[in-house]
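S.K.: output the structure for:
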Amino acid sequence: MNNINFAVSTWLWTSPFNSETVALFSKIKEMGFDAVEIPVEDPDIIDASAVKKALDKHGLQPVFCGAFGPTRDLTSDDPALHKNCFEYLEKCFAMCNTWEAEFVAGPMYSAVGKARLVSPEQKKKEWDLAVNNLYKVCQMASNSGLEIALEPLNRFESDLVNTAEDVARMVRDINHPAAKILLDSFHMTIEEPDLEKAIHTAGDKLIHVQVSENYRGTPGTGQTRWDEIKKGLQAINYSGVVSIESFTPNVQELAGAVCIWKPLAESQDKFASEGLSFLKKLFA
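M.R.: Have a look, this model is predicted:
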């Protein structure tokens, strides 16, 4: 599987990404990564052209990851929140074009952390809202020559889309060629009985893969069935990026949001470099 490129998210070291965060790029390139995953929490603190220069300078491919908190909720009863999300995504798509990224990834169907027991009627209402709003998002993406990659989250972070089956159904319901899928091994180890089957379910809609261990730690140090992930990706001829995504306990707001209360590796640099070494051996 030599056609897979490897990335790491800047969330491993810091948050939020801003114009100064490009200082990480030289280290990321020296470690041997092909790409960098850039989580954009606030587009207004990023000079897109300066980031593009840094990407070119270090020969890194960009992967664009969106952030969807309570103010960007496409399943809300408040249309003002939908409008806010659309405006945010318009900025994201423009930034994608500047960076020559191909898609915006993330759980953009709802707000992260919206996990409640709701009635089947309420669930259907929110599902339909997400589908209709994401169709509009796909049209916006398509107008910019881009796609979206929808990410299932585990049950503690979403009550709407938890599995590959859920996200595949959502993509079918959206019924737009720009609607694609991102799978994250961390959420998969919580929600999927069979990792290989989940990847088959996503099939040719899968355009991005994020990885960390079952406990959010360095790939190769936990209980994740990496053999199943490899077999699944081989079977669907996956040729996108495999990106290490985890977080640092040193950024309190982000650590609180993802419940990381202690360091998960000796250092964040070791997390990245040892994780990359494991992945390169796995996919060799």
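S.K.: okay, CA-based contacts and neighbour counts for the rest of this
M.R.: OK.
S.K.: okay, now residue 270: neighbour count?
M.R.: Per other CA atoms under 10 Å, the neighbour tally for residue 270 reads 13.
S.K.: now it: which helix or strand?
M.R.: Using DSSP states H and E, residue 270 sits in helix 268-282.
S.K.: spit out the contact partners of the residue sitting nearest the centre point of the chain.
M.R.: Taking CA atoms, centre = their mean, the centroid of the chain lies closest to residue 106, which sits 4.5 Å from it. Counting by CA atoms under 8 Å, 6 or more residues apart in numbering, residue 106 makes contact with 65-68, 149-151, 182.
S.K.: can you do 6 Å?
M.R.: Contacts for residue 106 (CA atoms under 6 Å, 6 or more residues apart in numbering) come out as 65-66, 150-151.
S.K.: quick one: which of the residues you listed sit in strands?
M.R.: 65-66, 150 (DSSP state E).
S.K.: these into TSV, with extra columns for neighbour count and distance to residue 200?
M.R.: Rendered in TSV, the data for these read as follows (neighbours: other CA atoms under 10 Å; distance: CA to CA, whole Å):
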residue	neighbour count	distance to residue 200
65	21	23
66	22	25
150	27	16
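S.K.: tell me the buried residues in the lowest-mean-pLDDT helix or strand in the chain?
M.R.: Confidence across the helices and strands of the chain bottoms out at helix 252-258, with a mean of 91, counting by mean pLDDT, DSSP states H and E. By neighbour count, and taking 16 or more other CA atoms under 10 Å as the criterion, the buried residues in helix 252-258 are 254-255, 258.
S.K.: which stretches in the stretch 1-150 of the chain count as helices?
M.R.: Counting by DSSP state H, counting those that start in this stretch, the segments of the stretch 1-150 of the chain that form helices are 25-31, 48-58, 79-99, 120-143.
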